[in-house]
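Peer 1: Sharing a sequence plus its predicted fold:
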Amino acid sequence: MDSHSVDEPDIAILLAQTWGVRPGEPIGHDEICRMWAYDLGWFEMQVATRVRDNLIEAGWLEVRPEGLRPMIDISVVQAPFAWMPVMRVLEDPPRLAQGATPVPAPETPVEPEVIVEPAMIDPAAQHITTLLDRIAQESNLDRKEVMRRAQRKRRALGPVTLWMALLLVAREQQLSMPGLVASIAA
């Protein structure tokens, strides 16, 4: 077994880990070194620069005006848990084999079909006018005043349904709660 064929998966994993969050996008010369040194913590900056240059020279990285790109398809590469790069491999990487699977050209992303589900209807919301009328009648407050107080509670409490705010107004007015709650549960 050729030692180069053993080393190639390590280089493929290094490239897959590097481009994992942004597949298909070019990465700048200095940016790739900063990623390896600071983001991933694999190397010191001088070592990262040397590794980058070695991978370019061995044909693993393609130099383009917009940045570097891997010369293999990294979409199928799986990194083992807690994988770390092997410096022995990166100091003298094997030349990329001519038959290596090239990186597919970046495709224009296809927008996924958005499925809009109908909003859940709160069954208690159907009884708001009945609840409002009962609270106004039992508390001897004007209907508009009950609604004003309920809206004030909603603003103060944040995401609260109108029927809950109305029940809070009723509680504040010391009304009998079981009958009101039963009216919205029907």
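Peer 2: That came through, no problem.
Peer 1: Which per-residue confidence value corresponds to the residue located most distally from the centre of the chain?
Peer 2: Within the chain, the residue lying farthest from the chain centre (C-alpha atoms, centre = their mean) is Asn140, at 52.0 Å. Asn140 carries a pLDDT value of 94.
Peer 1: With Thr130 instead?
Peer 2: Looking at Thr130, its pLDDT reads 88.
Peer 1: wouldn't it be in contact with Ser183 here?
Peer 2: Yes: the pair Thr130 / Ser183 is scored as a contact, 6.0 Å apart, by C-beta atoms under 8 Å. Yep, even glycine has a C-beta here, placed from its N, CA and C like the rest.
Peer 1: which of the two has more neighbours?
Peer 2: The residue with more neighbours, out of Thr130 and Ser183, is Ser183; 16 against 13, by other C-beta atoms under 10 Å.
Peer 1: So which bits of the helix or strand where that one lies are buried?
Peer 2: Using DSSP states H and E, Ser183 falls within helix 177-185. Using 16 or more other C-beta atoms under 10 Å as the test for burial, helix 177-185 gives 180, 183-184.
Peer 1: go on, stretch 54-64?
Peer 2: For stretch 54-64, a neighbour-count test (16+ other C-beta under 10 Å) marks 54-56, 58-61 as buried.
Peer 1: May I have that stretch as PDB, with CA atoms only?
Peer 2: As requested, the backbone C-alpha atoms of stretch 54-64 are provided in PDB (Å, rounded to 0.1, in the frame of the first residue of the first chain):
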ATOM      1  CA  ASN A  54       2.400  23.200   0.500                       C
ATOM      2  CA  LEU A  55      -1.200  22.300  -0.400                       C
ATOM      3  CA  ILE A  56      -1.200  24.800  -3.300                       C
ATOM      4  CA  GLU A  57       2.100  23.400  -4.600                       C
ATOM      5  CA  ALA A  58       0.800  19.800  -4.400                       C
ATOM      6  CA  GLY A  59      -2.300  20.700  -6.300                       C
ATOM      7  CA  TRP A  60      -4.800  20.300  -3.500                       C
ATOM      8  CA  LEU A  61      -5.800  24.000  -3.500                       C
ATOM      9  CA  GLU A  62      -6.600  26.000  -6.700                       C
ATOM     10  CA  VAL A  63      -5.500  29.700  -6.700                       C
ATOM     11  CA  ARG A  64      -8.100  32.000  -8.200                       C
END
